[in-house]
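1. Here you go, sequence then predicted model.
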Amino acid sequence: MRAFVLITLLLSVAVLLKASSHGEAPGTASAPQTDCTDVYAFRSYETGRDAFVTIMANWNPRENSYGGPNFYPLSDKHYYEIHIDQTGEGKPEITYQFVFHNELSNNGTGITLDISGFTLPIALKVAGQITAGNNAALGFLEYYRLNVVTAAGSSPATISGTTTNFFQKPFDYAGTKTFPNYTAYADQYKYNVDFPGCATAGRVFVGQRREPFVINIGKIFDLINFVPIDGASGFPGGITQNATNNIIYYTNIITTAIEVPISCLVGSSDVIGVFATSRSIRGGRQRARLANPLVNELLIGLKDKDRWSRRNPGGDKNLLKYIMYPTFPAIISLLFVDAVNGVLGTNFNTIAPTNFPRADLIATFLTGVPGLNHLQNGTKYVDIMRLNTSIAPTARDTQNSFGVIAGDGAGYPNGRRVGDDVIDITLRVAMGVLCHLGLGVCSPSDAVVGDQPITDGAPSAATDYPDHFPYMHTPNPGDGPYYYNN
């Protein structure tokens, strides 16, 4: 067992070092404005909204709440897109395309002051308190259009009941003096929208939110200063689940969130595939792509990470070997199989899962889980986040943060909710937990350590988040606090 602790420690380190930065590929890490950090897709569990699907993509990682004077606008030189694949081919039938436009107020001059007879623009974006309905002190304005792109062309979404197709994004949370009530201020930019071709109105919100991703990374750099086995399991010295283990709690993110009627998303199947991309408006070069969390970070080889980001899922054919024959579990085995056998008195040839090609990973990331959210066209394997829209949402207060592997079929990897603990889920899937669940994709003997309660000790639960759209908290204010120990 001690040897197993060492293995799981290294496992957590190897995964989390890559996952923690939200910059999974060198190209996107150097261009954070275009970096998609997380994708969410789930049946809405807000009261009275279960006929809708909420889909969100987060951008611009590691926003410090004190990030003035410029804060964190999204780029007006890129498209930010959420794609819906109805067939499993890796090509979207519907794309929700956000196009941003940023400008200075006062006809392009911003806030001005009279200084000894000279009318001069000030150096800051904000010149006084801002409240709901009063932007007079705001000198930097952020707008966007939301286009719905299908085979028939591109048409704008509009504010419900109007022809207005220009939406405003709230300014980032500069602090409590600038915004006496930021929640009320930002809430005015949650719009009811009419989507082209959709008979029922949906909703959209774009703006800064508190980072919902949960991860314990600090102690990993302190010579792996914890034991990543859930202490509640009775394992001596196992890490205690504690919110303070989430080092990035006091950072913010920008989210693009839509809520769309199910009837306007599905094709011939109740299952849809979701992925997000960013690409340049001029030239169309794709900068980032994300569907299932941690695929690029954990499985794709370093030399191909940018290649993966710049391809659509339908172009993954030559890279799928990384998922079918993952190197990561094999490295763990090469390093520690002898130690495990020596300490435990076993005779394992490997402690990595042995079912090749890895049918469990193929089901999780490339085809969908049989009987749950299978969506595959012919022999195509594509990394999209699959959501079975016929599965009723689980009420927030009864959701299990481990999703499918804990019997909650409305959670990850059947879509992804904000409270799903995708770090722990992915760690366990990589080491073969699906082989122990009777799904028919592999057997327990294929994954000899696949049933262990691996965790980073940073818990995530739906009850930690709001129960209404867009299901994320008001961002952290610029005047702090900045760390748990403040």
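-> All right, it came through fine. Residues are numbered from 1 along each chain as shown.

2. State the mean pLDDT of stretch 427-445.
-> Taken as a whole, stretch 427-445 carries a mean pLDDT of 93.

3. Ok, stretch 395-409 next?
-> Across stretch 395-409, the per-residue pLDDT values average to 97.

4. what about dumping the CA coordinates of that stretch to PDB?
-> Coordinates of each C-alpha in stretch 395-409 appear next as PDB, following Å, rounded to 0.1, in the frame of the first residue of the first chain:
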ATOM      1  CA  ALA A 395     -31.300  18.700  -8.600                       C
ATOM      2  CA  ARG A 396     -28.400  20.700  -7.400                       C
ATOM      3  CA  ASP A 397     -28.600  19.700  -3.800                       C
ATOM      4  CA  THR A 398     -28.500  15.900  -4.700                       C
ATOM      5  CA  GLN A 399     -25.800  16.000  -7.400                       C
ATOM      6  CA  ASN A 400     -22.800  13.700  -6.900                       C
ATOM      7  CA  SER A 401     -19.600  15.500  -7.800                       C
ATOM      8  CA  PHE A 402     -18.200  12.300  -9.200                       C
ATOM      9  CA  GLY A 403     -20.900  12.000 -11.900                       C
ATOM     10  CA  VAL A 404     -21.300   8.800 -13.800                       C
ATOM     11  CA  ILE A 405     -18.700   6.800 -11.900                       C
ATOM     12  CA  ALA A 406     -20.700   7.500  -8.700                       C
ATOM     13  CA  GLY A 407     -24.100   6.600 -10.400                       C
ATOM     14  CA  ASP A 408     -25.200  10.200 -11.200                       C
ATOM     15  CA  GLY A 409     -25.800   9.800 -15.000                       C
END
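
5. So in the protein, where's the weakest helix or strand by average pLDDT?
-> Comparing helices and strands within the chain by mean pLDDT, DSSP states H and E singles out helix 2-19 as the least confident, with a mean of 40.

6. Do a quick rundown of the helices in this structure.
-> In the chain, the helices defined using DSSP state H lie at 2-19, 26-29, 105-108, 182-187, 218-221, 295-298, 305-309, 321-324, 327-344, 359-361, 422-430.

7. Can you tell me what sits against the fourth one?
-> Spelled out, that is helix 182-187. Identification of contacts with helix 182-187 by C-beta atoms under 8 Å, 6 or more residues apart in numbering yields 130-132, 170, 173, 176, 179, 207-208, 474-475, 477. No exception for glycine: its C-beta is placed from N, CA and C like everyone else's.

8. can we see that at 10 Å?
-> For helix 182-187, the external contacting residues (C-beta atoms under 10 Å, 6 or more residues apart in numbering) are 130-135, 169-176, 178-179, 181, 205, 207-209, 473-475, 477.

9. Which elements pack onto the longest strand along the chain?
-> The strand of greatest length in the chain, counted in residues with DSSP state E as the criterion, is given as strand 52-64. Judged by 3 or more C-beta pairs under 10 Å, 6 or more residues apart in numbering; DSSP states H and E, the packing partners of strand 52-64 are strand 36-43, strand 78-85, strand 94-104, strand 202-210, strand 251-261, strand 271-280, strand 286-290, strand 385-388.

10. List the residues that contact T200.
-> With contacts taken as C-beta under 10 Å, 6+ apart, T200 has the following neighbours: 51-52, 160, 194, 260-264.

11. What residues of the longest strand of the chain count as buried?
-> Judged by neighbour count using 16 or more other C-beta atoms under 10 Å, the buried positions of strand 52-64 are 52-63.

12. chain center to that strand: distance?
-> 6 Å (C-alpha atoms, centre = their mean, to the nearest Å).

13. Quickly run through the sheet partners of it, with directions.
-> As defined by DSSP bridges, the strand partners of strand 52-64 come to strand 36-43 (antiparallel), strand 251-261 (antiparallel).

14. Just say which of those strands is most tucked in.
-> strand 36-43 (a mean of 25; mean count of other C-beta atoms under 10 Å).

15. what does the average pLDDT come to for it?
-> 97.

16. Quick one: work out the angle between it and strand 286-290.
-> Per axes from the mean of the first three to the mean of the last three C-alpha atoms, to 10 degrees, the angle that strand 36-43 makes with strand 286-290 is 50 degrees.

17. Please compute how far strand 36-43 lies from its chain's middle.
-> Its chain's C-alpha centre lies 5 Å from the corresponding centre of strand 36-43 when counted by C-alpha atoms, centre = their mean.

18. Next: stretch 377-396.
-> Between the mean C-alpha position of stretch 377-396 and that of its chain there is a distance of 16 Å (C-alpha atoms, centre = their mean).

19. For it, buried residues please.
-> When neighbours are counted by 16+ other C-beta under 10 Å, the buried residues of stretch 377-396 are found to be 377, 380-389, 391, 393-394, 396.

20. hmm, back to that, ok, which of the helices and strands packed on strand 52-64 comes nearest G409?
-> The closest approach between G409 and any of the helices and strands packed on strand 52-64, judged by C-beta to C-beta, belongs to strand 385-388 at 7.9 Å.

21. Neighbouring strands of that closest one in the sheet, and parallel or not?
-> With DSSP bridges as the test, strand 385-388 pairs up with strand 271-280 (antiparallel).

22. before we move on, back to that, make CSV out of the strands paired with strand 52-64 and add distance to M324.
-> Output for these, formatted as CSV (distance: least, C-beta to C-beta, whole Å):
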stretch, distance to M324
strand 36-43, 22
strand 251-261, 32
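
23. Fine by me, we can end here.
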